[in-house]
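> coords please:
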Amino acid sequence: MQAQEPLTILIAEDSAADRLLLSTIVRRQGHEVLTATNGAEALEVFRRQAPHLVLMDAMMPVMDGFEAARQIKALAGETLVPIIFLTSLTESEALARCLEAGGDDFLAKPYNQVILAAKIKAMDRLRRLQATVLQQRDLIAKHHDYLLNEQRVAKAVFDKVAHSGCLSAPNIRYLQSPYALFNGDLLLAAYTPAGDMHVLLGDFTGHGLPAAVGAMPLAEVFYGMTAKGYGLAETLREMNAKLKRILPVDMFCCATMLCLSFQRRTVEVWNGGMPDGYLHRIATGERVPLPARHLPLGVLNPQAFDDRTEVQAMTVGDRVFLLSDGVIDTTDADDRLFGVERLQQLFAANHEPDNLFAEIAQALHAFRGEPRDDVSMVEVSLLEAAHVVPPAPVYSDSGQSSPLDWSVSFEFRGATLKRFNPLPYLLQLLLEVHGLRTQGGAIYSVLAELYSNALEHGVLGLDSSLKRDAAGFARYYEMRNERLEALQDGYVRVHLQIKPQGAGGCLVIRVEDSGKGFDVARVMERPLDGVRLSGRGVSLIRQLGHNASWSDEGRSACVEFFWEG
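Numbers count the residues shown, from 1 in each chain. Reported below is the predicted structural model:
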């Protein structure tokens, strides 16, 4: 029976009669024949003409078939060149030696042409199968390299975006151990215009490019809105809405987001689906859990999304510790989980807060076998405000179009006060005045304090003395959320005036509210310090602005800023 496609077959046989017989049988089957009289000659023919299959006599002069087979297999490399040994050997050990030398089958003498034809066909099928496997492997490898390259490009672009923030700040320590080239964990940090710090630790479903699809727009929203002065609530709402709009239904992002205020000495927290974070109070050793109280980003539609945050008081040296579930789910060689309890034991055993992060990282490294998930953790500590130096924004225009003589007034009423943060808009308006740009951070800080004082103490009637300790501090912000949600009326008015003054100018900020006011004389008698949990806002305004004054029983505040030409 003739083969479907003719093969080139090398017959290595020292017997002329056997060589002629085999050549005749093989040619009748439609194949091309090459011949050799010993192993060395067979090797040379193979080098020159690369036959598809070899019929190899085991016992030949110069070089026997065993050595020739070994060298032919080495020359063939990954390509399968079947070798059928021709042998009169019958002992099992001798036949096994044929296979050990690289033979794929053997044919006993005297030769049966039907059996020979069947073996040639079987070896040809095996050869073609091997060639197909190698081809598919190469295609898979090529496709894999293509995907890896795409991920490298995505990672390079994303790293430029992700690391455009302040992850290198002296109060941040972090560890990221990627399970994939582009992993599902995301760590972002950036300064606000007021010098506060926003930090986000996120964990997307999936790895690789699917994670990158969500991470890029999330980082864009985070950095863009933080730079403009938006708070956690507005930034979280926008991130959630964007992810809900662009991601498939089975993708979302668990995330913890912080706002660390060095001036107010507070941390504001939102946790959506991440493991508990911890606020470590250095003075007492207390660890306050920061549990998940919300669903992950990208799950709820914008109307159902809950942006409520918790605010905790901090002192200098206190630190916040966040982690992804990859830390808890890390397994050792025996498939045991690292777990929350082991993490708590590390917390309890630590006596040097500065070493805690390194101790946890070391314990993870010593514990885990093969990583099964992304492992990310970050520690953010509170520094003295004077030690925090956010980079100054860079402006490239000439200043010739700067508006120099104008005023504008806004009144924000009940429904607007509930949901709208006017500060980014007001800052953007003021930074059109080129002479004010170098003071942008101070102006934003003063605006934020004036506005929050007007809203919280004026419209909502909250008493700052509640914040005399950590428990009262937490209660203060609970009441703030409750009263803001129930707010029906009241107003905050903001009046901005720019006046030319010599070669420079003056900015006048006036903020009024509908509240009951406060004892201005008593508050103004306080020293300019930031030690107390309450009353820091007025001190900050007096330090950063000029000619700060309050009138109408505290319901109207006025601050000035100056610049030179």
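
> residue boundaries of the strands in the stretch 1-150 of the chain?
Using DSSP state E, counting those that start in this stretch, the strands of the stretch 1-150 of the chain run over 8-12, 32-36, 53-57, 83-87, 105-108.

> Can you tell me the closest non-neighbouring residue to the residue sitting nearest the centre point of the chain?
Nearest to the mean C-alpha position of the chain, by Cα atoms, centre = their mean, lies residue 186 at 2.4 Å. Spatial nearest neighbour of residue 186, chain neighbours left out: residue 202 (3.9 Å); criterion: Cβ to Cβ, 6 or more residues apart in numbering. (Glycine included, C-beta is placed from N, CA and C.)

> cool, residue 356 as well?
Of all residues not flanking residue 356 in the chain, residue 350 sits nearest, at 4.7 Å (Cβ to Cβ, 6+ apart).

> Tell me which helix or strand residue 561 sits in.
Residue 561 is part of strand 556-563 when elements are defined by DSSP states H and E.

> Pull up the pairing partners for that strand, direction included.
Partner strands for strand 556-563, per DSSP bridges, with pairing direction: strand 504-513 (antiparallel), strand 546-551 (antiparallel).

> Quick one: closest of those strands to residue 382.
With Cβ to Cβ as the criterion, residue 382 lies closest to strand 546-551 of these, at 25.7 Å.

> returning to that earlier point: so which of the strands paired with strand 556-563 is the most surrounded?
strand 504-513 (a mean of 20; mean count of other Cβ atoms under 10 Å).

> How far off centre is that strand?
On the basis of Cα atoms, centre = their mean, to the nearest Å, strand 504-513 is displaced by 42 Å from the centre of the chain it belongs to.

> Would you mind writing the CA trace of that strand as PDB?
The C-alpha trace of strand 504-513 is given here as PDB (Å, rounded to 0.1, in the frame of the first residue of the first chain):
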ATOM      1  CA  GLY A 504       0.900  93.400  42.000                       C
ATOM      2  CA  GLY A 505      -2.500  93.000  43.600                       C
ATOM      3  CA  CYS A 506      -4.700  91.900  46.400                       C
ATOM      4  CA  LEU A 507      -7.200  89.000  46.800                       C
ATOM      5  CA  VAL A 508     -10.000  89.500  49.300                       C
ATOM      6  CA  ILE A 509     -11.900  86.300  50.300                       C
ATOM      7  CA  ARG A 510     -15.100  86.800  52.300                       C
ATOM      8  CA  VAL A 511     -17.200  83.900  53.400                       C
ATOM      9  CA  GLU A 512     -20.600  84.300  55.200                       C
ATOM     10  CA  ASP A 513     -23.000  81.700  56.600                       C
END
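
> residues in contact with that strand?
Residues outside strand 504-513 that contact it (Cβ atoms under 8 Å, 6 or more residues apart in numbering) are 404, 430, 433, 435-436, 443, 446-447, 450-451, 453-455, 458-459, 490-499, 545, 552, 555-565.

> Generate a PyMOL selection restricted to the buried subset of these.
Buried subset of the contacts of strand 504-513, written as a PyMOL selection, criterion 16 or more other Cβ atoms under 10 Å:
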select buried, resi 430+433+435+436+443+446+447+450+451+453+454+455+458+459+490+491+492+493+494+495+496+498+545+555+556+557+558+559+560+561+562+563
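
> Can you list which of the contacts of strand 504-513 are found in strands?
Using DSSP state E, 491-499, 556-563 are the members of those that sit in strands.

> re earlier: SS state for the residue nearest to the centre of the chain?
Put simply, residue 186 is strand when judged by DSSP: H, G, I helix; E, B strand; the rest coil.

> Correct me if wrong: it contacts residue 200.
Yes. At 7.1 Å, residue 186 counts as touching residue 200 under the criterion of Cβ atoms under 8 Å.

> which neighbours do the two share?
Listed as contacting both residue 186 and residue 200 by Cβ under 8 Å, 6+ apart are 218, 255.

> Just the C-alpha atoms of the least confident helix or strand in the chain by mean pLDDT, please, in PDB.
Lowest on mean pLDDT, DSSP states H and E among the helices and strands of the chain sits helix 520-524, with a mean of 73. The C-alpha trace of helix 520-524 is given here as PDB (Å, rounded to 0.1, in the frame of the first residue of the first chain):
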ATOM      1  CA  VAL A 520     -15.100  85.900  68.100                       C
ATOM      2  CA  ALA A 521     -13.100  87.600  70.800                       C
ATOM      3  CA  ARG A 522     -12.700  84.300  72.700                       C
ATOM      4  CA  VAL A 523     -11.500  82.400  69.700                       C
ATOM      5  CA  MET A 524      -9.100  85.100  68.600                       C
END
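
> Which of the residues in it are classified as buried?
Residues residue 520 are the ones in helix 520-524 that count as buried (16+ other Cβ under 10 Å).

> Tell me how far it lies from the chain's centre.
Averaged C-alpha coordinates place helix 520-524 at 48 Å from its chain's average position (Cα atoms, centre = their mean).
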